[in-house]
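Visitor: Following is a predicted model, sequence given first.
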Amino acid sequence: MPAVSKGDGMRGLAVFISDIRNCKSKEAEIKRINKELANIRSKFKGDKALDGYSKKKYVCKLLFIFLLGHDIDFGHMEAVNLLSSNKYTEKQIGYLFISVLVNSNSELIRLINNAIKNDLSSRNPTFMCLALHCIANVGSREMAEAFAGEIPRILVAGDTMDSVKQSAALCLLRLYKASPDLVLMGEWTSRVVHLLNDQHMGVVTAAISLITCLSSKNPDEFKTCVSLAVSRLSRIVSSASTDLQDYTYYFVPAPWLSCKLLRLLQCYPPPEDGAVKGRLVECLETILNKAQEPPKSKKVQHSNAKNAILFEAISLIIHYDSEPNLLVRACNQLGQFLQHRETNLRYLALESMCTLASSEFSHEAVKTHIETVINALKTERDVSVRQRAADLLYAMCDRSNAKQIVAEMLSYLETADYSIREEMVLKVAILAEKYAVDYSWYVDTILNLIRIAGDYVSEEVWYRVIQIVINRDDVQGYAAKTVFEALQAPACHENMVKVGGYILGEFGNLIAGDPRSSPLVQFNLLHSKFHLCSVPTRALLLSAYIKFINLFPETKATIQEVLRSDSQIRNSDVELQQRAVEYLKLSSIASTDVLATVLEEMPPFPERESSILAKLKKKKGPGAVSVELEDGKERGECVNFNPKPQRTSTPSPSADLLGLRSTAPASGATPSAGSLLVDVFSEAGPSATSAGVNDDGFLRFVCKNNGVLFENQLLQIGIKSEYRQNLGRMYLFYGNKTSVQFVSFNTTLNVQTKTVEPLVEGGAQVQQVINIECLTDFIDAPLLNIKFRYGGALQNISLKLPVTINKFFQPTEMAAADFFQRWKQLSQPQQEAQKIFKASHGMDTEVLKAKLLGLGTALLENVDPNPENYVCAGVIQTKAQQVGCLLRLEPNAQAQMYRLTLRSSKDTVSQRVCDLLAEQF
Amino acid sequence: MHIRLHTLNQSIRFILIQNRAGKTRLAKWYMQFDDDEKQKLIEEVHAVVTVRDAKHTNFVEFRNFKIIYRRYAGLYFCICVDVTDNNLAYLEGIHNFVEVLNEYFHNVCELDLVFNFYKVYTVVDEMFLAGEIRETSQTKVLKQLLMLQSLE
């Protein structure tokens, strides 16, 4: 028992801890604890005043009992009493008890704050630190209110001891994170920044955390920290391994401080001052050079400390993304680590390279390591390392290596850990689509995916292959042939049956010429799977059958017989029964012409962002998608950890041929998924009683005039609109999706409208017409407010109507010379608006053109000398004036970026059109 | 320009020292959790960390964070940080802390941490505060601890 042997401990406490450790059972432990609690209670209640030592000992015992996991409901007052002791050990136990058992008992808080106040003004550094640590550990709002004003003063005062400064800096950081509104740095800013120059490295180490936090929130006010940080870093990096004495760790000078400095710099763009930038680049080069030097020690601590700095430096280099030389050097260094014997280093190198792959300067350099990374995927023992290897392969994939990478990922999938299969499937599906040159490869890949990992292939993936096959007539025959072959396998995955059913239903005719895949053979093949499938798949197959009747009249009798059988027409599942009955009737009553019209081949799907990509983003969580969370919100996330989104396995009515299309536009649930086909059931829509303005749908209508603006569980709102010069007319369709009447249905708009019927019957739709006149240019869209009662509950929905300034464009055709002459005329800075942004959808030429035409301008061919660029011209018609507008869009396919430039005679118009259009690509 | 949207200023969420059986020898929290959540986190960390062997990395993804951990004899020292935090810096942060404990308790063992739990908190607060690294010099920390030890 070391505490006792040192003679400074509390003997009673040590005995009690020994007793607890000797307890043979949980019951014995509880019994011993209860005995102790009774003893302490009686001491606290006793007539005899306890001396400080006893009080300390009992409070410490209570703390120990609490840490064992038992509730403590007394002793707080005694702990608070200890705070005002002038013996360190008593005070320390008091503060520890308060820090661990925080209790927002208001009476106590006042007493605690009083004690803290006394200690802060005691000028005794030990007591001041105890008080500051207590504030830093508790960090409550009451404490912030009481001390946020005082602590900055302590932090910058000339006569404050170094150790107190360290504690004050971090204490302030804690208060700032908890209650930013209460911590006002204004007058202290400059003196706090100058702590970076402090002689005491410990003070710098502590203060820099505070400065980094403040800088990330108020970069402008703190920007002087950049040059100070650079010079501090430079001094450390260039110092010999023994210069910094206490702060040298295994021959590495100040590793933690170096990392913190490099991290602070990541709050800012590269320094503008040439000298500062030069010095920084020199530091980064030195760090990279040192990585090549022979180690000064064989100890892992040495190399870890050195590499901690190296990885942080590489993060900064990637953050700047502007020094090709450094980026490539970083990449080469990481390449060496890929084969290092330390698993940690291999892992970190893979992780860091992933971000390097996204920089245009280092993408090619990263690609040279493909074989090593593939090898890592196959041989690493730690699944998290394999996961990083898969991430990196995904990140380094481009047209040149897509086939190899996809093939490797597919073969890895066969043995991949269950925990990462779903994500791997999504990645393969995305890469296959993104880099498909010939679509037969794409179809093969997806069917392979289903074969290898069918359980992990979500709806998004198989929906997408169907969309693509329908939209590409060059691949339809191949797809039909391939699914037909795949279905021959005795055990094939249900997802394969779905894809097969759908594709043969649409394109079975393309392979029907071959007697080996004659209509009847195709039908029998599909039907042989029928009884093993779930209800949604059976529903889909029934739809495929009726399509067969249309495609191949010779199968009609066979199929009708199947539909007529009791197991179909009297199926206990309503959906299946209804389909069987309806399809049977349809096939017997309707004429061939009617049948052909109803069961016509599916029209192409509108091009949208791949829904799979959205799914992957969602899966990866905030780490990968870069979402900034408020502190409070983040806390909530951690507490109520929600597992990765589950694949919905609920049978969905849209999993069928006809339904697939009818639900297609029914999106608009979440912004990220706003334009997706299949997210109808992946997430719950906005809650029925939504408050606040819903503008998810708004941006989707910038380049189109018709579609579904809003949809939730109750209501669907469709829009049709037309515009001519400065006038427009918009039809709104309110569809009641329920079977219950909406009463008191009422819409208000901040422009004048004709009223709608106050009742909307279940399943019915009412229409509203809005006439629009554009008086002058505008930014805010009209707000539509919808109120109604559904089953007694008042529903309230606010929507931005998609009326945007570009709706009043008149296209203007002009020749190249004309265009550039006008372009030059509009050369004043305020006439131009420009945005550079990342492509958030594919960069398909046809899609781009369609969007630009949808904007309302004329798309001018052969005007821009660079054929990759697009230029457009149009005149915005308002009642007050006409505004000529020129547009240029420059895609950079390699970087997946666009530059959009707008010029017009009116600055507000340039800006608004630019803002609107930048959200569309 | 590469834009980093995540917050750079969130670092340590908690520090745990557990033995192989899952008994907690130190739990230091830098975020608000209620007692049930703390218990759950402790159990989860134990489950995640103890299944890993020496060939594995010292890092493991954990909820939206990551755990940096190192095993010393029968004790696991775990630090939970933000996914963007510097793995190696925290890994060595653990080692630095362990070396200080070792010096302070003269060859530290698990029992030292049990009987002197209230002193371990002092060591932690000297080296880590408000979820940030406060002091890294072993000499400075030990000097301060000895000074405190001499006080009554």
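Guide: Yes, it's here. Numbers count the residues shown, from 1 in each chain, chains lettered A, B, ... in the order given.
Visitor: Which per-residue confidence value corresponds to residue 52?
Guide: Just so you know, I chose chain A. On the pLDDT scale, A:G52 is placed at 91.
Visitor: other chain: chain B
Guide: pLDDT, B:R52: 93.
Visitor: can you pull the contacts of B:S11?
Guide: A:S209, B:V81, B:D82, B:D85, B:G131, B:E132 (Cβ atoms under 8 Å, 6 or more residues apart in numbering or on different chains). For the C-beta atoms, the positions are set from N, CA and C on the backbone; glycine is no exception.
Visitor: Count the neighbours of A:P829 for me.
Guide: A:P829: 7 surrounding residues under other Cβ atoms under 10 Å in any protein chain shown.
Visitor: mind checking how far it is from A:R451?
Guide: Counting by Cβ to Cβ, to the nearest Å, the gap from A:P829 to A:R451 is 59 Å.
Visitor: Repeat that for B:R13.
Guide: Computed as Cβ to Cβ, the B:R13 to A:R451 distance reads 42 Å.
Visitor: Of the two, give the one with the bigger neighbour count.
Guide: In terms of neighbours (other Cβ under 10 Å), B:R13 is the more surrounded of B:R13 and A:R451; the figures are 24 against 17.
Visitor: Moving C-terminal from the longest helix anywhere in chain B, which element do we reach first?
Guide: Determined from DSSP state H, the single longest helix within chain B is helix B:87-104. Towards the C-terminus, the helix or strand next in line after helix B:87-104, according to DSSP states H and E, is helix B:110-115.
Visitor: list the helices and strands the helix or strand following that next one packs on?
Guide: Following the chain from helix B:110-115 toward its C-terminal end, the next helix or strand by DSSP H and E is helix B:117-127. Contacting helix B:117-127 under the criterion 3 or more Cβ pairs under 8 Å, 6 or more residues apart in numbering or on different chains; DSSP states H and E are the following elements: helix A:52-67, helix A:88-100, strand B:24-29, helix B:87-104, helix B:138-150.
Visitor: follow-up on the earlier one: out of the contacts of B:S11, which is nearest to A:E423?
Guide: When the contacts of B:S11 are ranked by distance to A:E423 (Cβ to Cβ), B:D82 comes first, at 21.1 Å.
Visitor: Quick check: phi and psi on that closest one?
Guide: Note on B:D82: backbone dihedrals following degrees, to the nearest 10 are phi -70, psi 150.
Visitor: B:L91 is in contact with B:I68, correct?
Guide: Yes - look at B:I68 against B:L91 with Cβ atoms under 8 Å: they come within range, at 5.3 Å.
Visitor: With neighbour numbers in mind, choose between these two.
Guide: B:I68 (27 against 24).
Visitor: what sits against that one?
Guide: With contacts defined as Cβ under 8 Å, 6+ apart, the neighbours of B:I68 are B:N58, B:F59, B:C78, B:I79, B:C80, B:V81, B:N87, B:Y90, B:L91, B:I94.
Visitor: and chain A, which of those contact it?
Guide: Intersecting the contacts of B:I68 with the surroundings of chain A, defined as Cβ under 8 Å from any Cβ of the partner chain, gives B:N58, B:F59, B:N87, B:L91.
Visitor: touching chain B at all, the helix or strand where A:A390 lies?
Guide: Element membership of A:A390, judged by DSSP H and E, is helix A:383-396. Yes - shown here: helix A:383-396 in contact with chain B (Cβ under 8 Å from any Cβ) through A:S384, A:V385.
Visitor: what do you get for stretch A:114-125?
Guide: No - remark: stretch A:114-125 sits outside contact range of chain B, by Cβ under 8 Å from any Cβ, the gap being at least 9.9 Å.
Visitor: Show residues contacting that stretch.
Guide: Stretch A:114-125 has contacts (Cβ under 8 Å, 6+ apart) with A:80, A:83-84, A:91, A:94, A:127-128, A:130-132, A:134-135, A:143, A:146-147, A:150, A:154, A:161, A:163-164.
Visitor: For that stretch, buried residues please.
Guide: Neighbour-count burial for stretch A:114-125, with 16 or more other Cβ atoms under 10 Å in any protein chain shown as criterion, is recorded at A:A115, A:I116, A:D119, A:L120, A:P125.
Visitor: So for it, mean pLDDT?
Guide: Per-residue pLDDT values over stretch A:114-125 give a mean of 96.
Visitor: residues from the stretch 51-200 of chain A in reach of chain B?
Guide: Taking Cβ under 8 Å from any Cβ as the test, the list of the stretch 51-200 of chain A residues beside chain B reads A:60, A:63-64, A:67, A:69, A:87-89, A:92-93, A:96, A:99-100, A:126, A:133, A:136-137, A:139, A:163, A:166-167, A:170-171, A:173-174, A:177.
Visitor: Filter the residues you listed down to just the buried residues.
Guide: Looking at these with 16+ other Cβ under 10 Å, the buried ones turn out to be A:60, A:63-64, A:67, A:88-89, A:92-93, A:96, A:99-100, A:126, A:133, A:136-137, A:139, A:163, A:166-167, A:170-171, A:173-174, A:177.
Visitor: got any residues that touch both of B:I68 and B:L91?
Guide: Both B:I68 and B:L91 are contacted by B:N58, B:F59, under the criterion Cβ under 8 Å, 6+ apart.
Visitor: How many residues are close by A:I797?
Guide: Neighbour count for A:I797, taken as other Cβ under 10 Å: 23.
Visitor: Are we agreed that it is in a strand?
Guide: Yes - if the criterion is DSSP: H, G, I helix; E, B strand; the rest coil, then A:I797 is within a strand.
Visitor: For the residue lying closest to it once chain neighbours are set aside, which three-state class applies?
Guide: If you skip the residues right next to it in sequence, A:I797 has A:I786 as its closest partner in space, 4.4 Å away by Cβ to Cβ, 6 or more residues apart in numbering or on different chains. Assigned with three-state DSSP, A:I786 falls in the strand class.
Visitor: before we move on, what about A:A833?
Guide: The assignment at A:A833 comes out as strand when based on three-state DSSP.
Visitor: Give me the contacts around stretch A:859-868.
Guide: Counting by Cβ under 8 Å, 6+ apart, A:813-816, A:819-820, A:849, A:852-853, A:870-873, A:888, A:890-891, A:893 sit against stretch A:859-868.
Visitor: actually stretch A:72-83, not the one I wrote
Guide: So stretch A:72-83 is contacted by A:40-41, A:44, A:50, A:52, A:55-56, A:58-59, A:62-63, A:65-66, A:90-91, A:93-95, A:97-98, A:101, A:103, A:105, A:108, A:111-112, A:115-116, A:119 (Cβ under 8 Å, 6+ apart).
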